[in-house]
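Prediction below, plus the sequence it came from.
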Amino acid sequence: MASSTDNTIDSGLPALHHVGFFVADLDKSIERLRSTLGYGPIWSIARADLPAATLHNGITGFSLGMGFASMGNLLLELIQPLDDRSPHHAFLTNHGEGLHHLGYWVQGISDHLSRLESRGMTRTADNTSHDHGIVSWAYLEGQASGAIIELMDRDASSEEFFRQVNEVISRG
């Protein structure tokens, strides 16, 4: 429910951290966004191999490429699947390139997951096992909005990851 004084909602989530788009070709998409909208000019680019990530259909493990750029007070994230196992690949196959999720960087991902799942959201993919020092995250879908929500645990791994991302993109 919206507050009449501060326009916040009762989700318990912090401010939006990033907006995630799925793309077929990371390099071409970055160049297109640089030349048409001026995003960047410096992008932080990484590859993620997620052997412990689990999808709702039981598949585990996939790889992806990611690019981050600043959009002022939040990040733009581009994700390219590097295999056919990820939810990113399935989304591209079914919907084409485009907006996929709203990302929130949260303290205590388990508590946030429990609260949102109790409100009817369904976890569709996650990497919450803290394996391999990779950022813990989960995707959730909801009936009401159709929006995918990504929660990322704000812990030492994610603090270091986003410190590096911000260091690279701040050079622009």
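Arrived safely, thanks for sending.

Give the other helices and strands that the helix or strand harbouring Met66 contacts.
Here Met66 sits within strand 60-70, counting by DSSP states H and E. With contacts taken as 3 or more Cβ pairs under 8 Å, 6 or more residues apart in numbering; DSSP states H and E, strand 60-70 sits against helix 26-37, strand 44-55, strand 75-81, helix 87-95, helix 156-169. For every residue, glycine as well, the C-beta is placed using N, CA and C.

Contacts for the longest one, please.
Counting by Cβ atoms under 8 Å, 6 or more residues apart in numbering, helix 156-169 makes contact with 40, 42-44, 46, 68-70, 75, 105, 130, 133-136, 152, all of which sit outside it.

Arg171: which of those residues is nearest?
Nearest to Arg171 among those, counting by Cβ to Cβ, is Ile42 at 5.0 Å.

thinking again about what came up before, taking strand 75-81 as reference, get the angle to the strand holding Met66.
Calculated by axes from the mean of the first three to the mean of the last three Cα atoms, to 10 degrees, strand 60-70 forms an angle of 150 degrees with strand 75-81.

and strand 60-70, which residues are buried?
Phe62, Ser63, Leu64, Gly65, Met66, Gly67, Phe68, Ala69, Ser70 (16 or more other Cβ atoms under 10 Å).

Columns distance to Val168 on top of those, output as TSV?
Listed next are the buried residues of strand 60-70 as TSV, based on distance: Cβ to Cβ, whole Å:
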residue	distance to Val168
Phe62	24
Ser63	21
Leu64	18
Gly65	15
Met66	12
Gly67	10
Phe68	8
Ala69	10
Ser70	10
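
And for Arg154, the neighbour number?
If you count neighbours by other Cβ atoms under 10 Å, Arg154 ends up with 19.

isn't it right up against Trp105?
Yes. With contacts counted by Cβ atoms under 8 Å, Arg154 reaches Trp105, the gap being 5.0 Å.

CSV please, covering the helices and strands packed on strand 60-70 and showing distance to Leu116.
Listed next are the helices and strands packed on strand 60-70 as CSV, based on distance: least, Cβ to Cβ, whole Å:
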stretch, distance to Leu116
helix 26-37, 29
strand 44-55, 17
strand 75-81, 20
helix 87-95, 17
helix 156-169, 18
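
Just put those in TSV and tack on mean pLDDT, distance to Ser118 and mean neighbour count.
What follows is the helices and strands packed on strand 60-70, written out as TSV (pLDDT from 0 to 100; distance: least, Cβ to Cβ, whole Å; neighbours: other Cβ atoms under 10 Å):
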stretch	mean pLDDT	distance to Ser118	mean neighbour count
helix 26-37	94	36	14
strand 44-55	87	20	17
strand 75-81	95	27	22
helix 87-95	87	23	17
helix 156-169	92	24	15
